[in-house]
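# Show me the folded form of this:
(one chain, ligands or ions: 1)
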Amino acid sequence: MSRCRWVYDNDVPGGKFLVPGCWNRTIYGDDAECQCREGPETIGDQLAALRKDVADLQRAIREGRNG
Ligand SMILES: [Zn+2]
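You can find the predicted model right below:
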């Protein structure tokens, strides 16, 4: 079973993100089952997915602060 891992980067909200990343672990934490897709991904695919995830997280954080 593949397992996403945390990558630490101060440039993203929260200072870390999951690679390749899945919502199950993003939302429910490290004890949740990893639901990352099996199989190889290109760096471009991963980058595109990460950029989307960062945008989603930024929006969620922004909405959380405003709400
Ligand atoms: Zn995962």
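
# got the residues of the chain near the ion?
For the chain, the contact set with the ion under Cβ under 5 Å from the ion comprises 4, 22, 25, 34, 36. From N, CA and C alone the C-beta is placed, and that goes for glycine too.

# export those residues to JSON lines and tack on neighbour count?
Converted to JSON lines, these look like this (neighbours: other Cβ atoms under 10 Å):
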{"residue": "Cys4", "neighbour count": "18"}
{"residue": "Cys22", "neighbour count": "19"}
{"residue": "Arg25", "neighbour count": "20"}
{"residue": "Cys34", "neighbour count": "16"}
{"residue": "Cys36", "neighbour count": "18"}
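
# now for these, which pair is the farthest apart?
Pairwise distances across those peak at 8.3 Å for Arg25 and Cys36 (criterion: Cβ to Cβ).

# Which residue ranges make up each domain of the chain?
As assigned by automatic domain parsing, the chain contains the domains 1-36, 42-67.

# Mean pLDDT for those - can I get that in TSV?
Shown next, in TSV, are the domains of the chain (pLDDT from 0 to 100):
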stretch	mean pLDDT
domain 1-36	84
domain 42-67	86
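
# returning to what we had before: out of the residues of the chain next to the ion, who's nearest Pro13?
Arg25 (16.5 Å).

# Enumerate every residue touching that closest one.
4, 18, 32-35 (Cβ atoms under 8 Å, 6 or more residues apart in numbering).

# Check the offset of the strand or helix carrying it from the chain's centre.
Using DSSP states H and E, Arg25 maps to helix 23-28. How far helix 23-28 lies from its chain's middle: 8 Å, per Cα atoms, centre = their mean, to the nearest Å.
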